[in-house]
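J.: need a structure here:
(one chain, ligands or ions: 1)
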Amino acid sequence: MTNAARALMKRIETEGQVNGEVIKVDRFLNHMVDPQLIHLMADQFADQFRTTDVTKILTAETSGIMLAQAVALKLEVPFIYAKKKKPLTMGDYYAAASYSFTKQESTTLYVSQEVLAQGEKVLFIDDFFAKGSTLKAIEEILDQAEAELVGTAVIINKSARRDIASILTLEDLS
Ligand code: G4P
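T.: Have a look, this model is predicted:
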């Protein structure tokens, strides 16, 4: 187990909760946020993706933003957060819808064409990977932009997919 995994596991045991497939992390990850824990997890992903020539990191509002920024800082690339509401000032854009089974709601993700160019190598970062609907929307946006997905990294992978980098899986927490 990595340093980041040990630290995250300890926080879930002491301040979180696991209710079946839903993990409560709002005292250190997605409401109150521990920047040192984020920094530790970012170290792991930066090491893992340092050799993949990532040109940009992409995440979706809101809870992926802190980790995306921390990894971006270490890899010395910019990060983009896909918006869930299209700002009036956004010109041409890429967009894709995703349905969250966890939240039982549909959202559209928007990325301005100004910030994502053809041929970019993109690392997608998020807090949870559940059914993969956010990743699917991100893949649609990358297709529209003719950009390449070079990896996906999430804090907790709740799926059986093992091609996704994560700090912990649901199995680790069982
Ligand atoms: P999927 O994209 O992989 O299909 O996942 P799903 O739609 O089921 O879940 C995505 C949303 O649900 C995300 O929030 C994510 O943070 C949240 N989520 C999923 N599993 C858990 C969990 O076990 N615990 C907690 N606390 N949240 C979970 P979002 O809609 O993107 O909103 P935001 O919170 O990032 O603003």
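J.: all contacts plus neighbour counts: C-alpha atoms, from now on.
T.: Fine.
J.: Quick one: name the residues of the chain near the ligand.
T.: 21-25, 61-63, 99-103, 127-134 (C-alpha under 6 Å from any ligand atom).
J.: Show the average pLDDT along whichever strand or helix holds Met41.
T.: Using DSSP states H and E, Met41 maps to helix 35-49. Helix 35-49 carries an average pLDDT of 98.
J.: Can you tell me, leaving aside adjacent residues, what's nearest to the residue in the chain positioned nearest to the ligand?
T.: Per C-alpha to the nearest ligand atom, Ser100 is where the chain lies closest to the ligand, at 3.0 Å. Take Ser100 and drop its neighbours on the chain: the residue closest to it by C-alpha to C-alpha, 6 or more residues apart in numbering is Ser106, 6.1 Å away.
J.: Quick check: what element follows the host helix or strand of that neighbour along the chain?
T.: Secondary structure from DSSP H and E places Ser106 in strand 105-112. Under the assignment DSSP H and E, the closest C-terminal helix or strand after strand 105-112 is strand 121-129.
J.: Any idea how far that next one is from the middle of the chain?
T.: Its chain's average C-alpha position is 3 Å from that of strand 121-129, according to C-alpha atoms, centre = their mean, to the nearest Å.
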